[in-house]
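In: Turn this into a model:
(2 chains)
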Amino acid sequence: MKAHLMHRDRDFDLKAKLPRNADDLVQDLELDTLFRAMAGEDKFLFEVAKVAILASVGSDAPTILYRQEALKDCIENSGVIRDVYDTVMATIEGRRTRGGLLYLGSYPSGILNHSVELLEGQMEGLQNLRALADANLSRFHSEAFTTLFNTLKEELAGDFMKDVARHLQQMKFRDGILLSATLGDGNKAKSYILRNPSAEKRSWLQRLFGPKEEAYIFQLDPRDDAGARALSELRDRGLNIAANAVAQSAEHILSFLHMLRAELAFYIGCLNLRQRLVAKGEPIAFPVPVDAGERRHHFEGLYDVCLSLSMEKRVVGNDVDAVGKVLTIVTGANTGGKSTFLRSFGLAQLMMQCGMFAPAVSFSANLCDGVFTHYKREEDSSMTSGKFDEELSRMSRIADVLAGNSLVLFNESFAATNDREGSEIAKMIVDVLLKKGIKMVFVTHLYAFAHAYVDGKSDDLMFLRAEREPDGTRTFKLVEAEPLRTSFGQDLYQAVFQDGPRKNAAA
Amino acid sequence: MDQIRKRPGPKPQPDFDSSVPSRVRKSAGRAPPLVAPKRAGPTQKRPPKMAAFESILFLHPEKYPPAHEAGQPECFADLNLDQVVAAINSGRKEYDLEGYFHISLTSTDEVAYRHEIVRDLENEDLLKLLRAFAESMRGMRAHLAQAEKIRFRLQKESWFLKAANAYCRAVTELADKLGPTTVASQGMKAFCRYIQDYVGSSRFSSLQTTVEGIRRDLDGIHYCVYLYGSSLKVHKYREETDYSAEIEETFAKFRQGDVKDYSCKLQDWVEMNHVEEKILAFVSLLWPDIFARLRGFFGAEKDAFLDTKVAEFDRQIQFYLSYLDYIGRLKEDGLAFSLPAVSDQDKAVKAIDAFDIALAAKLSADKSRIVCNDYELSGKERILVVSGPNQGGKTTFARMFGQMHHLASLGLPVPGRKVRLFLFDTVFTHFEREEDIANLRGKLQDDLVRVHDILERATAQSVVIMNEIFTSTTLQDATFLSEKVMRRIVHLDTPCVWVTFIHELATFSETTVSMVSSVDPANPATRTYKVVRRPASGRSYAMSIAEKYGLTEERLSERIRP
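Out: Model prediction:
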């Protein structure tokens, strides 16, 4: 029995291998803020959000649309979805389980009793789930949810429930235990198999009245304590097999519930995030994915969702319409919104790829098979290598996994050396990537680097610049414009030190 | 004093004169020590004119001391070969092979005899076959030990049968598969003939038939135990249905993947308790004929079925397998091994991509890779003078040189490619002693005594390794003493590695070659462990780093997938 809410044809894999640069993505795009908004305090929801977003880079348009449909269903019926999720949770965390883990004891007879009890509890929960599916089937329209609700309705029908009840009765073994075995090493019994003992009773009668059967009987001496222990050990072997079968059945059901929980959790996370954004009046839009082979992005009011989540006010959005642009070079004033723009771009791309809504009035972009970030790092974690060395070693790790339809976001990269050398290396690397058609957004202060592209400008390039008003205040909005000659460090300095010029002179 | 006498016997005889593979020689003399019970063996006549199989390790076993009597050569500790041999043999204690790694071969014929076998072992199929054989024989010995220990007769006989069965299968499989496997070496060919003859003997085939018959019948036994109250009943199995399967089927629809095993680990001894013994006794009554045959077999074959030469082959072939296993792990890391050209005349030595085998193993365990080095002495060149920055891999280089010579004298593959080495009489090493003597004059004296001792004993056939001698005195003194010693070594005309901080020694004579440990030009703090014959060139800072990370235009273009 499958839920398949995340993929049409397979399970959502919570253990999916994350891209090698996942940690960099989390750090550079501040993804933890996004995950927390989706998860609240729930560690499981956090994990699901993380895996769903990071492992979905590279998913195809049908998968994205499949999830978008399902998510729209959830938004319309958020109460029902939360009920289903809560019922699954209640069944997982029901009696005899601790935090969803099976704890059954360490003796065969104990394990058998406890698993029977556990199974009974699970059956109740499954019946509740079936009732929910029955009642709400008609309110859902997405393929994902109609399939799931139909499956629950059919598979958990009455006949199945009766079968289960019969087994739960039989598992008490009132008529003795029958085991079969063959001879193993040293003629020890091996491959014990638990047999249905109902035939044994009949042959008991046959032994009295029917044809003689060759059998040897051993009656334990009442004073033989060691023998009694040996016999009970043998009985335990039988119960052990039965206990295992029942406990495994219970685990199958538990694993089904866990699977259901994981498939639902992503949508619960999306509902949580939407709730927060809608509450503060931020727009959201279902993005339109474009073929990975194209190079385009078009958006209106694209804002940094993580920044918005961490402040009360709404944040400034950007509009860009870029067709056929492989490289976007972003220059301009410090704290003019360059980094925020770069992050919003990466976040929206990741959110689109995992089937979520995008933080924008509208958003459309070509799909990517990988999203990479190469950011200037403040700290030099290891003393063994210089900063520039460290930057290039990170670039090398990216090059290991980079492919033709990737997106690379550079934030003040290769600036840990002087402008001339940094520009030389940056241009060498960007030129190669450009030739391979790898989509890039490069925020930079490297003057020689940016200007090399102004001079030899071609159609696959776009320049964005952090805007500033004539009076020096920043709008945090980017405009399409070539790089200016200088950055605005002086402004920043003045804003921080109000009596700037004097202190400046003193310094 | 770090010298070792390689030969317990006389000095090398000039009568084996080359490294050309030897012709087939008829072997005579005493048989090597036995490791297995003495009895049984092939009974039929061998074809005439073929050398009888003696030993897979020696062409002339009688010329070498028994393995357990050959002591560890003294250079072993300096060269870290003691670690290597211990690592090679860990997990193979039962074979007691260490001694064989101490016995250097004394002629190029013997080296060729092993080289042929090593080449045969390059065949993966043969290797797999021999490994499987060893594994089966190991199992066989374990079963015999179990049979020895156990008390209840019906169990003891079963373990013994299992041992005999393992033996028959091991031998048959080896013989069957060796047949079509191509072997070219004299040693493997002789063994092939031996084992074919043995398997073809009536003694072996009747053993096998008996064992298999009993085993098959025992395997066919399927019985039931019915437990009720304080009684139990044993009868033959009558197609009763599997109850766990019934339960499983009911809940199969929920299955998402593999589930845990909830079975308790019930204690299960090899020995039986008396209820189990009772049940087994009932089973033997239900199938009386099979158990009677088992009893008869044990009586007849106890201590009898194992062939002596097969058992010894099983032990000695491990010499090769253990070493090949050891270097196999290093090969997986991309390191090269090869069979060297070995000569006892020509002192030209050479190696490409060679390395310290002990350090390589240690680094490999830490998931890092050793740096390989090349060296060559040709024409009149005899002495590699290694100088350069500290921690640059100089000592490692010196060790490597000594290790490679010893390994070559064992007839085994050595680190590196295109290797030529010299078959020496003794490897002399002088490494700085761990226990640092506080009195500097005492230390210098100690150095001189040890060096003197080496010079007294070294012959033109020796290999000498000097590692940082005379470090405890002034440069002037050290230069003076070193030159004196070097003159003696030049005169000896023996292959030598000399690690020193005195650059002048590098150009001491036309027989010296200068090698320098180098550093990364882009990052002088990084040690490369590369020891090279000439200095490397510099490069611009940023580009050097880009080059180091494979980010130059050309390299980056290649690296990015389409």
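
In: Near chain A, which residues of the stretch 51-200 of chain B are found?
Out: Within the stretch 51-200 of chain B, the positions adjacent to chain A are B:Q146, B:I150, B:L154, B:Q155, B:E157, B:S158, B:W159, B:K162 by CB under 8 Å from any CB of the partner chain. (Each C-beta comes from the backbone N, C-alpha and C, glycine too.)

In: ok, the residue lying closest to A:K17 once chain neighbours are set aside - how many residues close by?
Out: Distances taken as CB to CB, 6 or more residues apart in numbering or on different chains place A:A55 nearest to A:K17, at 7.2 Å, with adjacent residues excluded. As a burial measure, A:A55 scores 20 neighbours (other CB atoms under 10 Å in any protein chain shown).

In: where does A:A55 land on pLDDT?
Out: A:A55 is assigned a pLDDT of 94 by the prediction.

In: Which neighbouring elements make contact with the helix or strand bottoming out on mean pLDDT in chain B?
Out: Lowest on mean pLDDT, DSSP states H and E among the helices and strands of chain B sits helix B:541-548, with a mean of 71. Helix B:541-548 sits against helix A:387-401, helix A:419-435, with contacts defined as 3 or more CB pairs under 8 Å, 6 or more residues apart in numbering or on different chains; DSSP states H and E.

In: what does the very next helix or strand once past it contact?
Out: Toward the C-terminus, helix B:541-548 is succeeded by helix B:553-559 as the next helix or strand (DSSP states H and E). Here helix B:553-559 makes contact (CB atoms under 8 Å, 6 or more residues apart in numbering or on different chains) with A:A399, A:D400, A:L402, A:M428, A:I429, A:D431, A:V432, A:K435, A:K436, B:E547, B:G550.

In: do that again at 10 Å, thanks
Out: Here helix B:553-559 makes contact (CB atoms under 10 Å, 6 or more residues apart in numbering or on different chains) with A:395-396, A:399-402, A:427-429, A:431-433, A:435-436, B:546-547, B:549-552.

In: for that helix, which positions count as buried?
Out: Within helix B:553-559, the residues scored as buried using 16 or more other CB atoms under 10 Å in any protein chain shown are B:L556.

In: And stretch A:270-289, by the same measure?
Out: A:270-274, A:277, A:282-289.

In: Just the ones of the residues you listed in strands?
Out: The strands, defined by DSSP state E, take in A:V288, A:P289 from the buried residues of stretch A:270-289.

In: I'd like the buried residues of stretch A:270-289 laid out as TSV, including distance to chain B and pLDDT.
Out: Output for the buried residues of stretch A:270-289, formatted as TSV (distance: CB to the nearest CB, whole Å; pLDDT from 0 to 100):
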residue	distance to chain B	pLDDT
A:C270	23	97
A:L271	25	97
A:N272	26	97
A:L273	28	97
A:R274	29	96
A:L277	34	95
A:E282	37	95
A:P283	37	95
A:I284	33	95
A:A285	33	96
A:F286	31	97
A:P287	26	97
A:V288	26	96
A:P289	21	96
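
In: Can you name the residues that contact residue 56?
Out: Answering for chain A, as no chain was given. Neighbouring residues of A:S56 by CB under 10 Å, 6+ apart: A:6, A:12, A:16, A:63-64, A:67, A:266, A:350-356.

In: I was after chain B.
Out: Residues near B:I56 by CB under 10 Å, 6+ apart: B:113-114, B:117, B:185, B:187-188, B:190-191, B:312-320.

In: Find the closest residue to chain A in the stretch 301-450 of chain B.
Out: As assessed by CB to the nearest CB, chain A sits closest to B:S368 within the stretch 301-450 of chain B, at 14.1 Å.

In: burial measure for that residue, as a count.
Out: B:S368, neighbours per other CB under 10 Å, totals 10.

In: and what of B:D493?
Out: Neighbours of B:D493 (other CB under 10 Å): 15.

In: residues contacting it?
Out: B:D493 makes contact with B:K347, B:K380, B:R382, B:I383, B:T459, B:A460, B:Q461, B:T511, according to CB under 10 Å, 6+ apart.

In: Just the buried ones from the residues you listed?
Out: Buried members of these, counted by 16+ other CB under 10 Å: B:K347, B:R382, B:I383, B:Q461, B:T511.

In: Three-state assignment for the nearest residue to B:D242 once chain neighbours are set aside, please.
Out: Nearest non-adjacent residue to B:D242, counting by CB to CB, 6+ apart: A:I193, 5.6 Å away. Applying DSSP: H, G, I helix; E, B strand; the rest coil to A:I193 yields a three-state assignment of strand.

In: Who are the contact partners of A:I193?
Out: Residues near A:I193 by CB under 10 Å, 6+ apart: A:178-182, A:238, A:241, B:222, B:224, B:237, B:240-245.

In: tell me which element residue 86 is part of?
Out: Reading this off chain A. helix A:78-92.

In: other chain: chain B
Out: Assigned by DSSP H and E, B:A86 belongs to helix B:81-89.

In: Repeat that for B:F282.
Out: Here B:F282, judged by DSSP H and E, is contained in helix B:274-286.

In: wait, does that helix make contact with chain A?
Out: Yes - against chain A, helix B:274-286 shows contacts by CB under 10 Å from any CB of the partner chain at B:274-286.

In: how much does whichever helix or strand comes after that helix deviate in direction from helix B:274-286?
Out: Following helix B:274-286 in sequence order, the next helix or strand is helix B:288-301 (DSSP H and E). Counting by axes from the mean of the first three to the mean of the last three CA atoms, to 10 degrees, helix B:288-301 lies at 100 degrees to helix B:274-286.

In: contacts for helix B:288-301?
Out: Outside helix B:288-301, the residues that touch it by CB under 10 Å, 6+ apart are A:183, A:187, B:40, B:147, B:153-154, B:156-161, B:163-164, B:207, B:210-211, B:213-218, B:220-221, B:280-281, B:283-285.

In: I'd like to know which of the residues you listed are buried.
Out: Buried members of the contacts of helix B:288-301, counted by 16+ other CB under 10 Å: A:183, A:187, B:40, B:147, B:154, B:156-161, B:163-164, B:207, B:210-211, B:214-215, B:218, B:221, B:280-281, B:283-284.

In: Now intersect these with the strands, please.
Out: Using DSSP E, the subset of these located in strands is A:L183.

In: out of the buried ones among the contacts of helix B:288-301, which are inside helices?
Out: B:147, B:154, B:156-161, B:163-164, B:207, B:210-211, B:214-215, B:218, B:280-281, B:283-284 (DSSP state H).

In: what sits against B:R151?
Out: For B:R151, the contacting residues are B:E271, B:M272, B:E277, by CB under 10 Å, 6+ apart.

In: B:A546 too?
Out: A:388, A:392, A:395-396, A:414, A:421, A:424-425, A:428-429, B:522, B:540, B:552-553, B:555-556.

In: quick check, nearest of those to A:S255?
Out: A:S396 (40.9 Å; CB to CB).

In: Done for today, thanks.
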